[in-house]
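Trainee: Here is my input; please provide its structure:
(one chain, ligands or ions: 1)
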Amino acid sequence: MEIQCGVAGVSILSEIKMGHMSFELIAETRAALIAQVAGYASEYLTGVDGRAVAPSTEAVAGLAALCGALPDGPTSADAVVEMLHRYGSPATTVNSAGRYFGFVNGGMVPAALGAAMLVNAWDNNAGLRVLSPVAAELEATAIGWVAELLGLDAEVGRGGIGGAVVTGATMANFCCLAAARYAILERAGWDVEQDGLFGAPPITVVVGEEVHSSLVKALGMLGLGRNRVIRVPVDGQGRMRVDALPHLDANTILCLQAGNVNTGAFDPAAAICPAARVAGTWIHVDGAFGLWAAASPAYKHLTAGYELADSWATDGHKWPNVGYDCGVALVRDAAALKAAMSISAAYLVQGEAREPSHYNPELSRRARGVELWAALRSLGRAGMAGIVERTSAHARRFAEGLRAAGFEVLNDVVINQVLVSFGTPERTLAVVAGLQREGTCWCAATVWQGRTAMRISVSSWVTSEADVEASLGAMVRVATGTAV
Ligand SMILES: Cc1ncc(COP(=O)(O)O)c(C=O)c1O
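Mentor: Numbers count the residues shown, from 1 in each chain. The predicted model follows:
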């Protein structure tokens, strides 16, 4: 079967296979494909506002058209992307309009979207500077900007030294904890990178009872154990209780959290960090979204004390609205991160300047640092502060509106997270399911300290007051009409 592409009736793949396609024709074909995809992308982004946030069951069932057997022969690129748009686009959850409040998912600021498209056209490997000078430079610059926005000392992360741009906060936690593991054992005379953990001096890991599961997973991946931790009791908002902290020493990694995934609460770093530092404890901060509060003069006070830590993990794809996948690790002792992540081989050309592969877990990787750079360059300080302030104000409005309608808000709304109960667990779950079906907005269910709740996370730059009012209306309508 001869499948034709949109340009001059030429079958791209069969011509390439025969080695007959001229570069001019390849360039022309690519340009036509980009125009075709740009049309689909803008059709999608324009159309999503009128669509239910969750895809319909018919749309999800339609994916069967893409999931059949691998064809024997080639299919032209334009036919492939046409299929993707026809069957794939309707089966998405709409993150890019303003009424998606699930998990802590942002939208994607336009500069990040544009950068992502360009980065894909470049198709550069960001693992080594020589493979992509632009990726290496912009990643290093962006890491420095992140450190600055998070209010960290000038020696942290500047020029990308002691920093990594990874796939998300899970991997950022992993990198930071790997650096911590290296540094603590190195002080004890043990080289964990060369000799592993068997027979190594013990490390104590302290976390709060409300530690995020991704940090626990990172501990598991590092051989430090998911359960081999001391869990510190927390208060009703999920904050570590200072009076319940165990003895801290130089063999300890203390993991604090800036922004609880349910309540948005912050561990009291200002009360904990000074003494922990004196004890020589490695202080790590999981600040996947909450740490960005430091970028706003109005919310900065919530992050007081975190600047005293040794390492910080955060996400670009949450509050900064960078797009997936983008997380950032920052480590004060840059040499410890480098020792944990560095790689060398005869064929890997290493320059004098920062080599990305010495600070990241991966070797070959996409240039996601460019998208982070683009988002921060377009937002500037004021734009980043604006997202924090606007989304937090929206969260307060949700809480106020739901309380006024007679429902119980379970958390102190300190940033962008709201937990609401509609009564019994069964009723709350039925309201969440009903709301997801109704389609105006999308929220997930959670359990907060034994109480089933609906969780509203306002994280997107797109969300407007009108989105909040429409969503609030839908929540109240669905909740009052749900009888369980
Ligand atoms: C506090 C915290 N840490 C870590 C993570 C994991 O982030 P990611 O999904 O980017 O790996 C999250 C995700 O919501 C989080 O809220």
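
Trainee: what comes up buried for stretch 212-230?
Mentor: Across stretch 212-230, burial judged by 16 or more other C-beta atoms under 10 Å covers 212, 214-216, 218-219, 222, 224, 229. Placement of C-beta: from N, CA and C, glycine included.

Trainee: give me the subset of those residues touching the ligand.
Mentor: By C-beta under 6 Å from any ligand atom, the members of those lying near the ligand are 212, 214.

Trainee: would you list the buried residues of stretch 212-230 in a markdown table and tack on pLDDT and secondary structure?
Mentor: Shown next, in a markdown table, are the buried residues of stretch 212-230 (pLDDT from 0 to 100; DSSP: H, G, I helix; E, B strand; the rest coil):
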| residue | pLDDT | secondary structure |
| --- | --- | --- |
| H212 | 97 | coil |
| S214 | 97 | helix |
| L215 | 98 | helix |
| V216 | 98 | helix |
| A218 | 98 | helix |
| L219 | 98 | helix |
| L222 | 98 | coil |
| L224 | 98 | coil |
| V229 | 98 | coil |
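
Trainee: number of nearby residues for the residue of the stretch 151-300 of the chain found nearest the ligand?
Mentor: Among all residues of the stretch 151-300 of the chain, G168 sits closest to the ligand, at 2.6 Å; criterion: C-beta to the nearest ligand atom. By other C-beta atoms under 10 Å, 21 other residues sit near G168.

Trainee: now swap in D123 and tell me
Mentor: Other residues near D123 number 9, with proximity taken as other C-beta under 10 Å.

Trainee: next one: G47
Mentor: 13.

Trainee: With M83 instead?
Mentor: 13.

Trainee: ok so, going back, my guess is the residue of the stretch 151-300 of the chain closest to the ligand contacts H317, does it?
Mentor: Yes. Here G168 reaches H317: they are 6.6 Å apart, a contact under C-beta atoms under 8 Å.

Trainee: Give me the common contacts of those two.
Mentor: Taking C-beta atoms under 8 Å, 6 or more residues apart in numbering as the criterion, G168 and H317 both touch 324-327.

Trainee: Would you mind naming what in the stretch 201-350 of the chain lies close to the ligand?
Mentor: So far as C-beta under 6 Å from any ligand atom goes, the stretch 201-350 of the chain lies against the ligand at 212, 214, 257, 259, 261, 286, 288-289, 315, 327.

Trainee: What ranges does this protein have for its strands?
Mentor: Under the criterion DSSP state E, the chain contains strands at 163-166, 204-208, 230-232, 252-257, 282-286, 311-315, 327-331, 408-409, 417-421, 444-448, 451-457.

Trainee: Considering the shared contacts of G168 and H317, which possesses the most neighbours?
Mentor: For the shared contacts of G168 and H317, the largest neighbour count, defined by other C-beta under 10 Å, is 28 neighbours, found at G327.

Trainee: For that one, name its beta-bridge partners.
Mentor: Counting by DSSP bridges, G327 is bridged to V166, D315.

Trainee: That one and S311: what is the separation?
Mentor: Relative to S311, G327 is positioned 13 Å away (C-beta to C-beta, to the nearest Å).

Trainee: just T92 next, same as before
Mentor: The gap separating T92 from S311 is 35 Å, by C-beta to C-beta.

Trainee: ok, now R451?
Mentor: Taken as C-beta to C-beta, the span from R451 to S311 is 33 Å.

Trainee: With neighbour numbers in mind, choose between these two.
Mentor: Between R451 and S311, counted using other C-beta under 10 Å, the more crowded position is S311 (29 against 13).

Trainee: which residues does the more buried one bridge with?
Mentor: Beta bridges link S311 to H284, V331, judged by DSSP bridges.

Trainee: Disregarding flanking residues, what is the spatial nearest neighbour of T452?
Mentor: Spatial nearest neighbour of T452, excluding adjacent residues (C-beta to C-beta, 6 or more residues apart in numbering): P425 at 3.6 Å.

Trainee: quick one: the longest helix seen in the chain near the ligand?
Mentor: Using DSSP state H to define each element, the chain has its longest helix at helix 368-404. No. Shown here: helix 368-404 not in contact with the ligand (C-beta under 6 Å from any ligand atom), separated by at least 12.2 Å.

Trainee: Show me what that helix is packed against.
Mentor: helix 110-122, helix 133-149, strand 163-166, strand 408-409, strand 417-421, helix 465-481 (3 or more C-beta pairs under 8 Å, 6 or more residues apart in numbering; DSSP states H and E).

Trainee: let's go with 10 Å and repeat that
Mentor: When contacts are defined as 3 or more C-beta pairs under 10 Å, 6 or more residues apart in numbering; DSSP states H and E, helix 368-404 sits against helix 110-122, helix 133-149, strand 163-166, strand 327-331, strand 408-409, strand 417-421, strand 451-457, helix 465-481.

Trainee: ok, how many other residues are close to the closest residue to W190 other than its chain neighbours?
Mentor: In this structure, W190 finds its nearest non-sequential neighbour in A200, 5.0 Å apart by C-beta to C-beta, 6+ apart. Residues near A200, counting by other C-beta under 10 Å, number 16.

Trainee: Please tell me I have it right and A200 contacts R181.
Mentor: Yes. Applying C-beta atoms under 10 Å as the test, A200 and R181 come out as touching, 9.0 Å apart.

Trainee: between the buried residues of stretch 212-230, which is nearest A339?
Mentor: A339 has its nearest neighbour among the buried residues of stretch 212-230 in L222, at 14.0 Å by C-beta to C-beta.

Trainee: And that closest one, how far from R181?
Mentor: The gap separating L222 from R181 is 6 Å, by C-beta to C-beta.

Trainee: overlap in contacts of these two?
Mentor: Taking C-beta atoms under 10 Å, 6 or more residues apart in numbering as the criterion, L222 and R181 both touch 192, 197, 203, 205, 340.

Trainee: Need the residues you listed in CSV (columns: pLDDT and neighbour count).
Mentor: Listed next are those as CSV, based on pLDDT from 0 to 100; neighbours: other C-beta atoms under 10 Å:
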residue, pLDDT, neighbour count
V192, 98, 22
L197, 97, 16
I203, 98, 21
V205, 98, 25
A340, 97, 24
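
Trainee: The residues you listed: which two are farthest apart?
Mentor: Greatest spatial distance among the shared contacts of L222 and R181 (C-beta to C-beta): V205 and A340, at 15.9 Å.

Trainee: who's in contact with the residue lying closest to G401 once chain neighbours are set aside?
Mentor: Spatial nearest neighbour of G401, chain neighbours left out: L472 (4.3 Å); criterion: C-beta to C-beta, 6+ apart. By C-beta under 10 Å, 6+ apart, the contact set of L472 is 394, 397-398, 400-402, 404-405, 440-441, 456.
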